[in-house]
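**Student:** The sequence and its predicted three-dimensional model are supplied below.
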Amino acid sequence: MKPVIALVGRPNVGKSTLFNQLTRSRDALVADMPGLTRDRQYGVGRVGEFGYMVVDTGGLSGEAETLDTLMARQTLQAIQEADVVLFLVDARDGLSAADQTIAEELRGFNKQLLLVLNKTDGIDANSAATDFFSLGLGTPVPVAAAHGRGVNRLMDRVRELL
Ligand code: GDP
Ligand code: MG
């Protein structure tokens, strides 16, 4: 069985962009698996010898009153299925209340978790990162998913957790 990596975060942080990067390798086969809901998109990818399955989600809004919606439930299910959860945040927007709510939500799962700081292209990633230390999830892994930057390093970190 390939390890399953779930992409979680509020809307617009770049989950689907990272999903596309992670499933774009030469032998990637983006699978629309029958029987699975449209809210979770599954794909496979590999970096070198490391093969994995990745799950894109509609995301969590971070608003308590919407956590019971279908989309949120699907995301929670994706987290349950995952070996590693990548929690994406946006380096340009900085820390938001929604990020804090999602971090709290994620703490309730006993899952390997990596904080991923996306959209670090053209900005000082180190200073953007400090904003997110208060989430208590360690130093975020910087990437620029739209440019494929930092993705191999991110996957090295994922591997270390398995
Ligand atoms: P999702 O809602 O979390 O799935 O986010 P998307 O993948 O749809 O991306 C939301 C927006 O952020 C899009 O306009 C992307 O082009 C943009 N985006 C994603 N990754 C990056 C990045 O690394 N750098 C920049 N500057 N923009 C990005
Ligand atoms: Mg998306």
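**Tutor:** All right, it came through fine. The structure presented is a predicted model; accordingly, all values stated were derived computationally and were not measured. Residues are numbered from 1 along each chain as shown. Ligands and ions are numbered 1, 2, ... in the order given.
**Student:** Give me the number of neighbouring residues for P142.
**Tutor:** If you count neighbours by other C-beta atoms under 10 Å, P142 ends up with 21. Yep, even glycine has a C-beta here, placed from its N, CA and C like the rest.
**Student:** try T23
**Tutor:** Quick note: T23 (other C-beta under 10 Å) scores 21 neighbours.
**Student:** Can you name the next helix or strand after the helix or strand where V116 lies?
**Tutor:** Assessed by DSSP states H and E, V116 sits inside strand 112-118. As assigned by DSSP H and E, the chain's next helix or strand after strand 112-118 is helix 125-130.
**Student:** Which is the succeeding secondary structure element to that next one?
**Tutor:** strand 141-142.
**Student:** Nearest to ligand 2: which residue in the chain?
**Tutor:** Residue of the chain nearest ligand 2, by C-beta to the ion: S16 (3.2 Å).
**Student:** Quick check: closest non-adjacent residue to that residue.
**Tutor:** Distances taken as C-beta to C-beta, 6 or more residues apart in numbering put D56 closest to S16, at 5.5 Å, once the chain neighbours are dropped.
**Student:** which intervals of the chain have sub-threshold pLDDT?
**Tutor:** 25-40, 59-71 (pLDDT under 70).
**Student:** for ligand 1, what are the nearby residues on it?
**Tutor:** 9, 11-17, 59, 118-119, 121, 144-147 (C-beta under 6 Å from any ligand atom).
**Student:** Counting only strands, which of those make the cut?
**Tutor:** Mapping those onto strands (DSSP state E) picks out N118.
**Student:** Just the buried ones from the residues of the chain next to ligand 1?
**Tutor:** Buried by 16 or more other C-beta atoms under 10 Å: G9, V13, G14, K15, S16, T17, G59, N118, K119, D121, A144, A145, out of those.
**Student:** In this structure T23 contacts R46, no?
**Tutor:** No - between T23 and R46 there is no contact, the gap being 9.5 Å when judged by C-beta atoms under 8 Å.
**Student:** And the helix or strand in which V158 is found, what's buried?
**Tutor:** Using DSSP H and E, V158 sits in helix 151-161. Along helix 151-161, these residues count as buried under the neighbour rule (16+ other C-beta under 10 Å): V151, L154, M155, V158.
**Student:** Kindly report the same for stretch 83-100.
**Tutor:** Buried-residue list, stretch 83-100, by 16+ other C-beta under 10 Å: D83, V84, V85, L86, F87, L88, V89, D90, A91, L95, A98, D99.
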